[in-house]
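*Asks:* Below are the sequence and a predicted model for it; my questions follow.
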Amino acid sequence: MKKQKANEKAFQKLLREIRKNPDVGLEKFYNTYGKIIQLTARSMCRSFDQADAVINAVLVKIWRLSQEPIQVENPEGWVYTVTANTAKDALREKAFLPLQETVAAECDGVQAWIEEDVFYSLIAPLSEEERALMIEKFIQKYTFREIAERYGKNVNAVTAAYYRALEKVKKCLEERNGN
C-alpha cells in the first residue's frame with residue numbers, strides 16, 4: 001500500500017514536470033515508463049516502424065493528458081492501457097501513418113500556408129529551438145530520427161517538441177482566421 005502511494009506521488013510529480021518543462025518531463029517519463037510503452041507497442045504492432053509511431057503517439061497523448069489534472073492509482077497499468085489502446089487503434093486502421101504524414105493530414109490549414117514567407121511568419125512567435133525544429137521538418141524535410149541524432153536528443157522528445165510547436169502554430173492560425 002505504501003509503495004503504491006509512492007508510485008502515485010512519483011507519477012503525479014512526473015505529470016507536473018511535463019506541464020512545467022515538457023522536454024525534461026517527457027524524457028523523465030520515458031526513462032521511467034518507456035520499457036512498458038516499448039514492450040506493449042512492439043508486442044502488438046506488426047512492424048518496428050508501426051511500433052515507433054505508436055510510441056510517439058503515446059507520448060503525445062501523455063503530454064496532452066498531463067495538461068489536465070488526472071488521478072491515476074496504478075501508473076504502470078494506466079501507461080499500459082494508453083499504449084495498448086493506441087496500438088489497437090493503429091491496427092484497426094490497418095496502418096498507423098508515420099507521424100509526419102498524420103500531422104499533414106490533421107493540419108491541412110498548416111500545409112496550405114507552407115509557402116516560405118507565410119511559413120516563416122507563422123513560426124515567428126515560436127522559440128528559437130521550436131523554429132529550428134519546424135524549419136528542419138517542413139523545409140529541410142528531415143525525419144524525427146535525423147533531427148534527434150543531429151542534436152543528440154531522444155526521438156520521442158523531438159517528436160513531442162514538434163507537436164507542441166505545431167499546436168502553437170495551429171492556435172496562431174485559428175486566431176488569424178478569427179476562430
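*Replies:* Thanks, I have the structure now. Residues are numbered from 1 along each chain as shown.
*Asks:* I'd like the next helix or strand past the host helix or strand of Leu122.
*Replies:* According to DSSP states H and E, Leu122 maps onto helix 116-123. Using DSSP H and E, the next helix or strand after helix 116-123 towards the C-terminus is helix 128-134.
*Asks:* Export only the CA atoms of that next one, formatted as CSV.
*Replies:* Taking Å, rounded to 0.1, in the frame of the first residue of the first chain, the C-alpha atoms of helix 128-134 are listed here in CSV:
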residue,chain,number,x,y,z
GLU,A,128,14.3,29.7,-31.5
GLU,A,129,14.5,26.0,-30.8
GLU,A,130,10.9,25.4,-32.0
ARG,A,131,11.5,27.5,-35.2
ALA,A,132,14.6,25.5,-36.0
LEU,A,133,12.7,22.2,-35.5
MET,A,134,9.8,23.4,-37.7
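*Asks:* State the mean pLDDT of it.
*Replies:* Averaged across helix 128-134, the pLDDT comes to 87.
*Asks:* packing partners for that helix?
*Replies:* helix 116-123, helix 155-176 (3 or more Cβ pairs under 8 Å, 6 or more residues apart in numbering; DSSP states H and E). Backbone N, C-alpha and C define where each C-beta goes, glycine included.
*Asks:* and of those, who's closest to Gln4?
*Replies:* Set against Gln4 and scored by Cβ to Cβ, the helices and strands packed on helix 128-134 come closest in helix 155-176, at 26.7 Å.
*Asks:* Where do the domain boundaries of this structure fall?
*Replies:* Annotated domains of the chain cover 2-92, 99-176 [automatic domain parsing].
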